[in-house]
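In: starting from these lines, generate the structure:
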Amino acid sequence: MPIPGVALFVRPNFDGATSYAHYYLDLAAQYASGNMRVIDLDASGATKANIFAALGEEDPIFCYWNGHGNADTYSAQNKEVVMVTGSGDEALIGRVVLLLSCSCGIRLAPSAVSKGATTVFGWVVDFTWIAVEDPVTDPYARGFFESVNVISTALVEGKTTGEAMNLSLASWNKWIDYWTSSVDPYASMTIQWLIHDRDGQKLFGSPSATIVEPEPIPPTPEIGVIPISIPVITGYALSFLFF
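Out: Modelled structure (predicted):
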């Protein structure tokens, strides 16, 4: 039976798209380590063999994975296929999974839940965002990934999967409101893709599951005013990235 308080982060990093999620999952893993035992499969370590070994040996209750994929496939480092609909997803039985990979919510996530995964967060669209520079400083990508990380943060703090979903949706909406009031020339495109990813984010399975024992770490401040000042940015060629 999966062990409460144990998390498995899988962070492939081999192209422009995965580099963004790699950075933001690192922030989530660091935060989770304050209240959980974290297994972190980073870059070249994010292989199918290592993932299944960690699932079997460490038995984590929480899995937060990024990578490329489609309706039936999740892949990790260098697009190595890890699981497909109907094969391999049984390894998620009893776990809460945040699967940041394009369109896995169409069939793979529901299949995993039908086999016994407790909860799977996934997208029924290709997760798409706008980027212009390094993920550490990129002003456009931040809202996309912070809204996903809210799920991990909430779960680590002891909230239920349903509460985590609602907090994440609130974050998406805050960022949409932020860009709505912006004079940035790319604000409208940013809003378009924020709405696309927000509406494509789904929770499959139980909305009442938790991943930690009682007495979680103190909660982070409520989502409020976005704590950055973004100037009008010109002279960049926008990149549209997706998993």
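In: scan this protein for its longest strand.
Out: strand 3-11 (DSSP state E).
In: just checking, what packs against that strand?
Out: Here strand 3-11 touches helix 16-32, strand 37-42, helix 48-58, strand 60-66, going by 3 or more C-beta pairs under 8 Å, 6 or more residues apart in numbering; DSSP states H and E. Backbone N, C-alpha and C define where each C-beta goes, glycine included.
In: got JSON lines for those, with mean pLDDT, mean neighbour count and distance to S147 too?
Out: Shown next, in JSON lines, are the helices and strands packed on strand 3-11 (pLDDT from 0 to 100; neighbours: other C-beta atoms under 10 Å; distance: least, C-beta to C-beta, whole Å):
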{"stretch": "helix 16-32", "mean pLDDT": "96", "mean neighbour count": "20", "distance to S147": "10"}
{"stretch": "strand 37-42", "mean pLDDT": "98", "mean neighbour count": "18", "distance to S147": "21"}
{"stretch": "helix 48-58", "mean pLDDT": "98", "mean neighbour count": "15", "distance to S147": "25"}
{"stretch": "strand 60-66", "mean pLDDT": "98", "mean neighbour count": "26", "distance to S147": "14"}
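In: including distance to V10, could the ones you listed go into JSON lines?
Out: Below are the helices and strands packed on strand 3-11 laid out as JSON lines (distance: least, C-beta to C-beta, whole Å):
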{"stretch": "helix 16-32", "distance to V10": "8"}
{"stretch": "strand 37-42", "distance to V10": "5"}
{"stretch": "helix 48-58", "distance to V10": "6"}
{"stretch": "strand 60-66", "distance to V10": "4"}
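In: for G162, which of the ones you listed is the nearest?
Out: strand 60-66 (15.3 Å; C-beta to C-beta).
In: which strands border the helix or strand following the closest one, and is each parallel or antiparallel?
Out: Once strand 60-66 ends, the next helix or strand along the chain (criterion: DSSP states H and E) is strand 69-70. Strand 69-70 sits in its sheet next to strand 73-75 (antiparallel), going by DSSP bridges.
In: which parts of the chain are strands?
Out: For the chain, the strands defined by DSSP E occupy 3-11, 37-42, 60-66, 69-70, 73-75, 81-84, 96-100, 119-123, 128-131, 201-205, 239-242.
In: could you tell me the least trusted of those?
Out: Lowest mean pLDDT within the strands of the chain: strand 239-242, a mean of 65.
In: longest helix in this protein, please.
Out: Longest helix in the chain by number of residues, with DSSP state H as the criterion: helix 161-180.
In: circling back: list the buried ones in the longest strand of the chain?
Out: Within strand 3-11, the residues that count as buried by 16 or more other C-beta atoms under 10 Å are 5-11.
In: quick one: contacts of it?
Out: Contacts with strand 3-11, where a contact means C-beta atoms under 8 Å, 6 or more residues apart in numbering, come from 21-22, 25-26, 28-29, 32, 35-43, 46, 51, 54-55, 58-67, 76, 156, 210-213.
In: still on that earlier bit, between strand 119-123 and the longest helix of the chain, find me the angle.
Out: Interaxial angle, helix 161-180 versus strand 119-123 (axes from the mean of the first three to the mean of the last three C-alpha atoms, to 10 degrees): 20 degrees.
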